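# Structure of the sequence below:
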Amino acid sequence: MIGNDIIDIERTLLETDWQRKGFIQKVFHPDEQELIHSSDDPFGLVWRMWSMKESAYKLFLQTGQDRFFNPLRLRCMISSSEEGFVKIEELQIYTRSKSDPDFIFTSASPNYADEPVDNVFNLTKTDTHFQSKFTHRQLLKSIARKTNLNLRRLNVRKTDQNVPEVFYDGQKLGISVSLTHHGDYGAYSWIRPIVV
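The predicted model follows:
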């Protein structure tokens, strides 16, 4: 299983007032709030933890759980400048975050040993339909290249929970994927199957 999320820093600065009254309390557990308030870069930490929560939530949905909207149910722990984990009840999900001057990207997996294929790229249009299609196409190209499958016979379908799955000639592949886009950036993550 894999989850991911990307945050366009410039877009977030323009569109989000993370310091407005009540935002931190609605989104972050008191332990997380303490980390934010003591951080040298509270803006960066807020959006890194948001990205961690989003990527972990995407993975959580792959376990067959029902959707919910309650960011306080997801608790972030920071292990290092890149690694951390998110707890959702008893489930612990490991995360790796890359903080760039232009974006924050996080991928989530059941353990640190998983080696996902991640790729972040620029998007040339702001239309969300275009961004979604382009991101799907980039994912399928990567899978085709790494598995020697015919690109034309691959496609992405979403489950009722909106979880993307990859199919080859109508057969579901055992590849876990996650897609994300925000502002000028898109990304995909996937874990190679043991047998293709």
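
# Would you mind writing the CA trace of the biggest strand by length in the chain as PDB?
Ordering each strand of the chain by length in residues (DSSP state E) puts strand 171-182 first. Output of strand 171-182 as PDB, limited to C-alpha atoms (Å, rounded to 0.1, in the frame of the first residue of the first chain):
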ATOM      1  CA  GLN A 171      -7.100  -7.300 -15.100                       C
ATOM      2  CA  LYS A 172      -6.300  -5.600 -11.900                       C
ATOM      3  CA  LEU A 173      -2.600  -5.500 -11.200                       C
ATOM      4  CA  GLY A 174      -1.100  -6.000  -7.800                       C
ATOM      5  CA  ILE A 175       0.400  -2.600  -7.800                       C
ATOM      6  CA  SER A 176      -0.400   0.000  -5.100                       C
ATOM      7  CA  VAL A 177      -0.500   3.500  -6.500                       C
ATOM      8  CA  SER A 178      -1.200   7.000  -5.200                       C
ATOM      9  CA  LEU A 179      -1.600  10.200  -7.200                       C
ATOM     10  CA  THR A 180      -1.500  13.900  -6.200                       C
ATOM     11  CA  HIS A 181      -1.500  17.300  -7.700                       C
ATOM     12  CA  HIS A 182      -1.600  20.800  -6.300                       C
END
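
# partners of it, with directions?
Strand 171-182 has its sheet partners listed here by DSSP bridges as strand 164-168 (antiparallel), strand 185-191 (antiparallel).

# Would you mind saying which of those strands lies nearest residue 82?
Judged by C-beta to C-beta, the one of the strands paired with strand 171-182 that comes nearest to residue 82 is strand 185-191, at 14.7 Å. Every C-beta, even on glycine, is put in place using the N, C-alpha and C of the backbone.

# Any chance of the backbone angles for the spatially closest residue to residue 162 that is not a sequence neighbour?
Closest residue in space to residue 162, ignoring its immediate chain neighbours: residue 61 at 7.5 Å, by C-beta to C-beta, 6 or more residues apart in numbering. Backbone dihedrals for residue 61, given as degrees, to the nearest 10, come out at phi -60, psi -30.

# which residue ranges form the helices in the chain?
9-15, 23-27, 30-38, 42-61, 128-147 (DSSP state H).

# Between those helices, which one is closest to residue 73.
Among these, helix 42-61 comes nearest to residue 73, with 9.1 Å by C-beta to C-beta.

# For residue 150, give its distance to residue 174.
18 Å (C-beta to C-beta, to the nearest Å).

# I misspoke; the intended subject was residue 165.
To residue 174, residue 165 is 10 Å away according to C-beta to C-beta.

# These two - which one has more neighbours?
residue 165 (16 against 12; other C-beta atoms under 10 Å).

# doesn't residue 154 make contact with the more buried one?
No: the pair residue 165 / residue 154 is not scored as a contact, 11.3 Å apart, by C-beta atoms under 8 Å.
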